[in-house]
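>>> Got a predicted structure plus its sequence, pasted below:
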Amino acid sequence: MSKILVIGATGYVGGRLIPKLLEHNHQVTCLVRDIRKATARKWASGVKLVEGDVLKPETLADAFRGQEIVYYLVHSMTSGGGSFQDLDRKAAENAGQVASAENIRRIIYLGGLGRRQSGQSAHLSSRHEVGDILRESGVPVTEFRAAVIVGSGSLSFEIIHHLVNRLPVMICPRWVYTRTQPISIADVLRFLTEAVQKEESSGKTIDIGGPEVLTYKDMMIEVGNVLGLKRFMISVPVLTPRLSSYWVNLVTPIPASLARPLIEGLKHETVRENDLAEKIFGFETIDFRQAAERALVKTKAHQVETAWIDADSNTRLTEIDSTHIMTDKREVEVSAPAEILFHTVSSLGGENGWMYADRLWKLRGFIDKQMGGVGLRRGRRHPVMIDVGDALDFWRVEEYEPGKQLLLRAEMKVWGQAWLEFKVDPLGPNKAKLVQTARYYPRGLFGHLYWFSLLPIHALVFRGMAKALADKAEKIHTQHRSRGALSYEDRQ
């Protein structure tokens, strides 16, 4: 058993790694920026949560103190406030310095494959630079380097999946023929977990990948085969990363701000350059088709443990002057039990839609994506279940009290900050009140113009949504009673 600190615990890999570490009886501490977001995770009760930020070195010492091994799983590509390369650099410097001061025995870092060469993309260059900075701290580093991670909710795999699923004919630029070595998320987690006991991995840079070297075209064809879809691909000599990112932004849930740095990296091969994985760990990795089948089965069954959408977008929060907040408040009495009404509220978003004026919501999502926002296609992790930190289309769950309250923070482009809150108050056995409140804090003149210019539309949409939620809850309650299901009153 080791004392382990995980940085990046609420991310795609970190959120799946922690249960594996707990299964091996390690004593796990997680450094998180927002404890509220982390406490909603299933593994939260088994770990120690410490609030801190790798960009704020003064917040790190308590989390690092007394630890033996640190997992560094941070990537700043979704952060705002500067280029992700600068943020990655600063975060690694801070973590390395504190790790050295607190006598950490080893850092385990997940970086990226790819040869170091001139013209290398900013994304791959940053991944390599972070490994170098962590080593400069003097703490021994185990650096795993991976390319495309294949798993439900993986950013790279989601791009491939959505392109194949939505486009019967694809215009393929040159990067589609770049070779890479994809690896299953299950194998990535196994390498990371077993590294704790493999002391010989300390101080090593270990390239990991599946058994096949494939092009992105190969992967798209294989995903199409798994889905039972025949796809036609037309090669073109051009289509720059910028244009490609706009195309991905249009067709998939991934915004251009994330797609572009990834696509820029696709110009370079990402293939293993050493065989240390076999020499030190000695297990066989699964092939791409098997990894894709697993990922797609979990996606279809809504069993996605973590996803790229778990990372906050580049929404930048500012200090709020409460006297300047603008509100739209709606109250509706509903002839249905509070639990049914709240279930209806917490099912908003994704494939379920927003109950009223869905075409306007879709138009707003389309406009947001064209402006570089996240848009509506991000969906939700599960059609019914919800946790703090979950994404609901272009909202983020900020507060969640089952049966009582749901607070969403806007991550679309709004020239300020916006929230949408739902509260459900029971008024009797089969009666409840819905309080729906939209709040907006404008930033500058454009923020005020945004609010007042859309005031008539907001009034229409928010009034209609509150009524539609009430009608839906009452309809569900009526259906339950007509089928002979026990009412709320009967169960008391």
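Yep, that arrived.
>>> and stretch 228-245, how far apart are its ends?
One end of stretch 228-245 to the other measures 26 Å (C-alpha to C-alpha, to the nearest Å).
>>> Quick one: distance of that stretch to the chain centre.
What separates the centre of stretch 228-245 from the centre of its chain is 25 Å, taken as C-alpha atoms, centre = their mean, to the nearest Å.
>>> what mean pLDDT does that stretch have?
Averaging pLDDT along stretch 228-245 gives 78.
>>> before we move on, what about stretch 37-44?
84.
>>> Which residues does that stretch contact?
9-10, 15, 18-19, 22, 30, 32, 49, 387-389, 400 (C-beta atoms under 8 Å, 6 or more residues apart in numbering). For glycine as for every other residue, the C-beta is placed from the backbone atoms N, C-alpha and C.
>>> do the same with stretch 378-391
Applying C-beta under 8 Å, 6+ apart, the contact partners of stretch 378-391 are 10, 34, 36-41, 153, 253, 302, 304, 307, 309-310, 343, 346-347, 349-352, 374, 392-394, 396-400, 406, 411.
>>> picking that back up, whichever of the contacts of stretch 37-44 end up buried, select them in ChimeraX.
Selection of the buried residues among those in ChimeraX, burial being defined by 16 or more other C-beta atoms under 10 Å:
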select :9,10,15,18,19,30,32,49,388,389,400
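>>> Just flag the most distant two among the contacts of stretch 37-44.
L22 and Y400 (23.7 Å; C-beta to C-beta).
>>> which residue ranges form the strands in the stretch 351-492 of the chain?
Per DSSP state E, counting those that start in this stretch, the stretch 351-492 of the chain carries strands over the ranges 391-392, 395-401, 405-410, 416-428, 431-442.
>>> ok, H477 to N430 distance?
Here the criterion is C-beta to C-beta, to the nearest Å. By it, H477 lies 7 Å from N430.
>>> Same question for E278.
From E278 to N430 the distance is 64 Å (C-beta to C-beta).
>>> ok, these two, which is more surrounded?
Using other C-beta atoms under 10 Å as the criterion, E278 and N430 rank with N430 on top: 19 against 13.
>>> quick one: secondary structure of H75?
Judged by DSSP: H, G, I helix; E, B strand; the rest coil, the three-state class of H75 is coil.
>>> Quick one: residues contacting it.
G8, G11, F84, D88.
>>> is it fair to say the last one lies in a strand?
Same thing as D88. No: when classified by three-state DSSP, D88 is found to be helix rather than part of a strand.
>>> Near it, how many other residues are there?
24.
>>> repeat for G379
G379 has 17 neighbouring residues, counting by other C-beta under 10 Å.
>>> Run the chain-centre distance for stretch 135-154.
18 Å.
>>> Using neighbour counts, pick out the buried residues of that stretch.
Buried residues in stretch 135-154, defined by neighbour count with 16+ other C-beta under 10 Å: 135, 137, 139-154.
>>> And for stretch 67-87?
With burial defined by 16+ other C-beta under 10 Å, the residues of stretch 67-87 counted as buried are 67-79, 84-85, 87.
>>> How far does that stretch stretch from one end to the other?
Taking C-alpha to C-alpha, stretch 67-87 runs 24 Å from one end to the other.
>>> Equivalent analysis for stretch 377-385, please.
Note: stretch 377-385 ends 18 Å apart using C-alpha to C-alpha.
>>> tell me the average confidence for that stretch?
On average, the pLDDT along stretch 377-385 is 82.
>>> got any ranges where the stretch 51-200 of the chain has weak pLDDT?
Confidence mapping of the stretch 51-200 of the chain against pLDDT under 70 gives the ranges 77-82, 118-119.
>>> one more time with 80, if that's ok
For the stretch 51-200 of the chain, residues meeting the criterion pLDDT under 80 lie at 76-83, 117-121, 174.
>>> ranges for the helices of it?
Assigned by DSSP state H, counting those that start in this stretch, the helices in the stretch 51-200 of the chain fall at 61-64, 84-101, 122-136, 155-166, 185-194.
>>> now for the ones you listed, which one comes closest to M326?
Judging those by C-beta to C-beta, what sits closest to M326 is helix 84-101, at 31.9 Å.
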